[in-house]
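Visitor: Sharing a sequence plus its predicted fold:
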Amino acid sequence: MPWEKPDRSHEGNGIDASRAAEARLAEAVGLTASIGLAVVHTAILPLRARKPATLMGEGQVSIQGTALTDQEVAVVVVDAQLSPVQQRNLEKAWGCKVIDRTGLILDIFGERARTREGSLQVELAHLDYQRSRLVRSWTHLERQRGGFGFLGGPGETQIEADRRLIGDRIVRLKKELEQVRRTRLLHRSARKRVPFPVVALVGYTNAGKSTLFNAMTGAEVMAKDQLFATLDPTMRGVRLPSGRRAILSDTVGFISELPTELVAAFRATLEEVAEADVILHIRDISHPDSAAQRADVLAVLADMVEDGMLDESWPNRTIEVLNKADLLGGVAAVPARPGAIPVSAVTGEGIAALAAAIDARIAEGMDVADYNLPPQDGARLAWLYQHGEVIERSDDGEGVHVRVRLLPADRARFERPATRTPGSVN
Ligand SMILES: Nc1nc2c(ncn2[C@@H]2O[C@H](COP(=O)(O)OP(=O)(O)O)[C@@H](O)[C@H]2O)c(=O)[nH]1
Ligand SMILES: [Mg+2]
């Protein structure tokens, strides 16, 4: 997996540069693994110059070729931008499929887009990517023929036609997106699909989101709740220490130096964060760019507020999680930050404290309400037990009096004048 050395001359010394290269390689491996590919070979290739034909030098192409053949590699991910010509030449030289960074990221986003808006954004980015590649190969053909583009030829006509088709599709997609966006702003609260508090994990790729996701649902403090066994694999039901049910949701990781044409698509995959009752911001505190990564995540969330995607109260709903504490010598060795919780997803240390913090945060965001229900209203009482936490209850001849802790949205649902028969609230 060749890697393009970015311009990090400001970092000065070689140790920093190679540490950055290792971190970048680790990220690329994580991204590749996330679409189900098993990574069997990796390499960091310093580039002295970008070769128009193959990006890397001839020697590098042939050395990598030998390693790739030996291990019967089927796909090579080049963590850099490749021109269509470079991609084709490398595929020929190595006898396997080659994808570049943008192609890989588009694949990941495509797999993870859950909402209509997310899918449209990803498709749009995909078409943009294809179109730019057609333009580039067209320029390339033109150059081969001596620059007289207007002379035309069968290949060129085909490319022109493809470009027009893609252009039409892009126009249609943009219109549809506009429509979907308008609807989203109108119906934001109606979109909530799950009846339990949602805890979303956000953070950079490789911060340990998926490991923590698994550790939390495997830990005794947060037993897996079979109620959600049928949801997709990035969502899981848990029971918190209080006994309260919640949904954990793993999100697409942030990616360093995200190509600008992919920013909108990435943000669309973060839409579920907007719906979350608690946002866990997972950080790899052992990463060399940990502080900069934190700032990036916060900046993207703040931007989402600007665009009306996220409620401005998000900082109150966020818990910062300092993961990989084991690499610093354990939870106690992690420099304290107010409100932040050090954990190790690998050893499990700190997870009980995190579960308690999630519980507390959910309770903070809940309303406490008192209701008097007539004796025959068993359905509504059951609904309260299912959706809230009943703190007090007394039964007498007049009915049932309960004090219950509810999410504000559930409280509104419960108190809304019934449009159907009483008891059909759900
Ligand atoms: N040492 C250590 N490694 C961890 C920890 N959590 C995750 N990792 C490793 O970090 C890498 C990325 O983890 P992953 O959960 O896939 O990250 P994600 O991209 O945020 O989902 C994997 O190799 C994990 O084994 C941790 O607490 N300690
Ligand atoms: Mg993950």
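Guide: That came through fine. Numbers count the residues shown, from 1 in each chain. Ligands and ions are numbered 1, 2, ... in the order given.
Visitor: measure the residue in the stretch 251-400 of the chain that ligand 2 sits nearest to to K209 for me?
Guide: Closest approach of the stretch 251-400 of the chain to ligand 2 (Cβ to the ion) occurs at G253, with a separation of 5.8 Å. All C-beta spots, glycine's among them, are computed from the backbone N, C-alpha and C. G253 sits 6 Å away from K209, going by Cβ to Cβ, to the nearest Å.
Visitor: intersection of neighbour lists for the two?
Guide: Common contacts of G253 and K209 (Cβ atoms under 8 Å, 6 or more residues apart in numbering): G203.
Visitor: tally of neighbours for A161?
Guide: A161: 10 surrounding residues under other Cβ atoms under 10 Å.
Visitor: Pull up the per-residue confidence for it.
Guide: You'll see A161 listed with a pLDDT of 79.
Visitor: likewise the one 5 residues further on?
Guide: The predicted local distance difference test score for I166 is 89.
Visitor: Is it in a helix, a strand, or coil?
Guide: Taken by DSSP: H, G, I helix; E, B strand; the rest coil, the conformation at I166 corresponds to helix.
Visitor: Would you check that it makes contact with Q130?
Guide: Yes. In this structure, I166 is within contact of Q130 by Cβ atoms under 8 Å, at 6.1 Å.
Visitor: List the residues that contact T69.
Guide: By Cβ under 8 Å, 6+ apart, T69 lies in contact with W94, G95.
Visitor: ok, and the residue in the chain that ligand 2 sits nearest to, which helix or strand is that part of?
Guide: Nearest residue of the chain to ligand 2, counting by Cβ to the ion: S210, 3.3 Å away. Secondary structure from DSSP states H and E places S210 in helix 209-218.
Visitor: and that helix, what does it pack onto?
Guide: Taking 3 or more Cβ pairs under 8 Å, 6 or more residues apart in numbering; DSSP states H and E as contact, the helices and strands that helix 209-218 lies on are strand 198-203, strand 235-239, strand 245-250, strand 278-284, helix 351-364.
Visitor: Same list (those) but as CSV, adding mean neighbour count, distance to ligand 2 and mean pLDDT.
Guide: CSV is the format used below for the helices and strands packed on helix 209-218 (neighbours: other Cβ atoms under 10 Å; distance: least, Cβ to the ion, whole Å; pLDDT from 0 to 100):
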stretch, mean neighbour count, distance to ligand 2, mean pLDDT
strand 198-203, 24, 9, 94
strand 235-239, 20, 13, 85
strand 245-250, 23, 6, 88
strand 278-284, 24, 10, 96
helix 351-364, 19, 17, 93
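Visitor: Let me see the contact set for K97.
Guide: K97 makes contact with A74, V75, V76, E91 under the criterion Cβ under 8 Å, 6+ apart.
Visitor: Without its sequence neighbours, what residue ends up closest to the second one?
Guide: The shortest distance from V75 to any residue that is not its chain neighbour, by Cβ to Cβ, 6 or more residues apart in numbering, is 4.8 Å, and that residue is K97.
Visitor: Find the nearest non-adjacent residue to the residue of the stretch 251-400 of the chain closest to ligand 2, please.
Guide: T205 (3.3 Å).
Visitor: Dihedrals phi and psi, the one you found?
Guide: For T205, the backbone dihedrals are phi -60, psi 140 (criterion: degrees, to the nearest 10).
Visitor: ok, now how distant is the residue nearest to V75 from D79?
Guide: Distance of K97 to D79, computed by Cβ to Cβ: 15 Å.
Visitor: Contact residues of the stretch 201-350 of the chain facing ligand 1?
Guide: For the stretch 201-350 of the chain, the residues in contact with ligand 1 (Cβ under 6 Å from any ligand atom) are 203, 205-211, 253, 323-324, 326-327, 344-346.
Visitor: And the residue nearest to V75, how close does it get to Q130?
Guide: 16 Å.
Visitor: swap in V76?
Guide: Distance from V76 to Q130, by Cβ to Cβ: 20 Å.
Visitor: same check, this time on V29
Guide: From V29 to Q130 the distance is 26 Å (Cβ to Cβ).
Visitor: one step back: neighbour-wise, which of V76 and Q130 wins?
Guide: More crowded of V76 and Q130, by other Cβ under 10 Å: V76, with 20 against 17.
Visitor: What residues does that one make contact with?
Guide: By Cβ under 8 Å, 6+ apart, V76 lies in contact with M1, P2, Q64, L68, L90, W94, C96, K97, V98, I99.
Visitor: Give me the spatial nearest neighbour of the last one, chain neighbours excluded.
Guide: The shortest distance from I99 to any residue other than its chain neighbours is 5.7 Å, reached at V77 (Cβ to Cβ, 6+ apart).
Visitor: can you check G339 too?
Guide: Nearest non-adjacent residue to G339, counting by Cβ to Cβ, 6+ apart: E320, 6.4 Å away.
Visitor: And R131, by the same measure?
Guide: Counting by Cβ to Cβ, 6+ apart, the residue nearest R131 is I166, at 4.7 Å.
Visitor: how deep is the one you found tucked in, by neighbour count?
Guide: I166, neighbours per other Cβ under 10 Å, totals 17.
Visitor: Ok, K92 next?
Guide: Using other Cβ under 10 Å: K92 sits among 10 other residues.
Visitor: Was I right to think D326 contacts S344?
Guide: Yes. The pair D326 and S344 passes the contact test of Cβ under 8 Å, sitting 4.1 Å apart.
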